[in-house]
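Participant: A predicted structure for the sequence below; I have some questions about it.
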Amino acid sequence: MSETKHDAPALAMRELLDVIDALIAPDGCPWDQEQTPLSLCDYLAEEAFELIEGIRSGDAREAMEELGDVMFILLFMATLYERDGSHTLADSINYSAAKMIRRHPHVFGDKHFDNITELWDNWEKTKREENKGTGRKRVFDSLPSGLPPMLKAYRINSKAARNGFTWESDRDVEAHLKTEWKEWQEAMAAGHAENSEREFGDYLFTLVELGRRKGIKANAALDFANQKFLTRFAKMEELAEMRGIELTDLGLDEMNGLWDEVKDWEKA
């Protein structure tokens, strides 16, 4: 029988599961033996962020390595659940496959959508059907409470829009953004620290929605901006070091000069 494209991943997954079985065996690793799905949550979050960093950096090798680390934690959790008799890895995979098939009737059935809006409408309708009889009765019940605020703001706006609750046009959002900016400036001028923070939050929330409507994910955009700043600042430090200068001894104008040099170097 000829190999299929799924054979290699399946064999690799089996090998990783064997490694996990050995780690939690009676003669395995004391640390691994003490782990639970709950204790592994922070490690999963850490590995997921490292994977994201590898992907966004464009480093395919780093992404490959971190993807394996994320898979290790996921399979570790699945093994622990299976050992406790809760559910198996196959249960999780089969559940996900069935859910994706239900939510993509245009791929696995004869459903046809004329545009992406109709597709998302059907997605939300299918999710509501799935949640009948569960504790998830409201639109945002499935929104993870632990999402980082910027990512959560994007998801809130996205889900609200899919349910028809959003501004009618980008121009309306832009007008509201100006209003939020004015309210923040007024709160700052009044010296109300708490109100200033809240109004600034309102401004950011609206800005996230404007970006979403333009196809921009605020969380990713901000991450790229962070990385760009860090890279440029590191180059500034290198320039200062090459010239025998302590960066902390420079005034703002001098540091801005180094910053401009770095930007010019990027354009070259």
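Facilitator: Perfect, thanks for sending it. Numbering: from 1, shown residues only.

Participant: Give the helix, strand or coil label for Thr4.
Facilitator: coil (DSSP: H, G, I helix; E, B strand; the rest coil).

Participant: cool, Phe140 as well?
Facilitator: coil.

Participant: Can you give me the distance of it to Asp32?
Facilitator: Spatial separation of Phe140 from Asp32 under the definition CB to CB, to the nearest Å is 37 Å. For every residue, glycine as well, the C-beta is placed using N, CA and C.

Participant: From the neighbour counts alone, determine which of these two ranks first.
Facilitator: Per other CB atoms under 10 Å, whichever of Phe140 and Asp32 has more neighbours is Asp32, with 16 against 12.

Participant: What distance do you get for Cys41 to Leu147?
Facilitator: Here the criterion is CB to CB. By it, Cys41 lies 14 Å from Leu147.

Participant: next one: Phe224
Facilitator: Plainly put, Phe224 is 19 Å away from Leu147 if you go by CB to CB.

Participant: now do Met77
Facilitator: As for Met77, its distance to Leu147 is 19 Å (criterion: CB to CB).

Participant: Compare those two (neighbour count), which wins?
Facilitator: Comparing Met77 with Leu147 by neighbour count (other CB under 10 Å), the higher total belongs to Met77, at 22 against 14.

Participant: thinking that one is in contact with Tyr43, fair?
Facilitator: No. Applying CB atoms under 8 Å, one finds Met77 not in contact with Tyr43, separated by 9.7 Å.

Participant: Please, which helix or strand holds Glu261?
Facilitator: Secondary structure here is read from DSSP states H and E; on that basis Glu261 sits in helix 252-267.

Participant: so what are the domain limits for this structure?
Facilitator: As recorded under automatic domain parsing, the domains making up the chain are 7-103, 149-216, 224-267.

Participant: Where does the prediction get shaky in this protein?
Facilitator: Counting by pLDDT under 70, the chain contains low-confidence ranges at 1-3, 135-136.

Participant: which SS state does the most centrally placed residue in it fall under?
Facilitator: For the chain, the residue sitting closest to the mean C-alpha position, by CA atoms, centre = their mean, is Leu151 at 6.6 Å. With three-state DSSP as the basis, the three-state label of Leu151 is helix.

Participant: how about it, what does it touch?
Facilitator: Contacts were defined as CB atoms under 8 Å, 6 or more residues apart in numbering; by that measure Leu151 touches Asn219.

Participant: go on, the one 5 residues further on?
Facilitator: With contacts defined as CB under 8 Å, 6+ apart, the neighbours of Ile156 are Phe140, Leu143.
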